[in-house]
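Engineer: build me a model from this:
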Amino acid sequence: MVFSDDQELGTAIRNADSPTWSVRAAAGQHLAKSRGIDVVADIIHRLLLDPQDTAVTWKTAEALLERKDTVGLRLVLLARSHAADEATADEIQAALDCDPDWMTTGGPDRLVKHLRDLAMDEDAGVRDEARRILGRLRPE
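Structural biologist: Residues are numbered from 1 along each chain as shown. Here you go, the predicted structure:
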């Protein structure tokens with residue numbers, strides 16, 4: 001079973017470089033669900049900032065947010081802070097705004113907790129994005 005997981009991870013890593021957007025998007029979804037996400041964080045970051053198709057950005061961000069953890073949210077915020085292309089930044093923001101966890105019992109509290117944690121992150125871009133979203137949610 002471990003071999004299969006390693007093999008699937010290797011396939012997803014290779015597919016992240018595919019010329020086909022749907023293959024890259026599927027790779028982003030698979031990598032986002034990986035238990036060893038820190039090992040593939042750079043590849044996920046690249047997929048979140050995909051210069052060829054914002055569907056890759058959306059699918060990867062959506063999968064990261066489905067994790068419902070600080071790690072996934074942090075990667076999305078990091079990419080949002082690095083997005084130079086307006087369409088990519090908008091796509092990441094839309095994934096954040098449309099995260100279905102906002103509509104669940106306990107979801108908003110969990111997201112706000114994660115955002116508060118990330119507002120103290122060592123990376124200035126992550127900190128700024130978390131604070132920006134928190135400011136929109138609870139203006140002073």
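
Engineer: got the contact list for stretch 72-86?
Structural biologist: 32, 37, 41, 44-45, 48-49, 51, 57, 61, 63-66, 89, 92-93, 95-96, 111, 114-115, 118, 121, 123-126, 128-130 (Cβ atoms under 8 Å, 6 or more residues apart in numbering). Heads up, the C-betas are built off the backbone N, CA and C, glycines and all.

Engineer: would you mark the buried spots in the helix or strand bottoming out on mean pLDDT in the chain?
Structural biologist: When the helices and strands of the chain are scored by mean pLDDT, DSSP states H and E, helix 2-15 comes last with a mean of 79. The neighbour-count check on helix 2-15 (16 or more other Cβ atoms under 10 Å) flags L9, A12, I13, N15 as buried.

Engineer: over to stretch 41-49?
Structural biologist: Neighbour-count burial for stretch 41-49, counted by 16+ other Cβ under 10 Å, picks out A41, I43, I44, R46, L47, L48, L49.

Engineer: need those in CSV (columns: secondary structure, distance to G107 and pLDDT).
Structural biologist: As requested, those are arranged in CSV below (DSSP: H, G, I helix; E, B strand; the rest coil; distance: Cβ to Cβ, whole Å; pLDDT from 0 to 100):
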residue, secondary structure, distance to G107, pLDDT
A41, helix, 24, 97
I43, helix, 28, 97
I44, helix, 22, 98
R46, helix, 28, 98
L47, helix, 25, 98
L48, helix, 22, 98
L49, coil, 26, 97
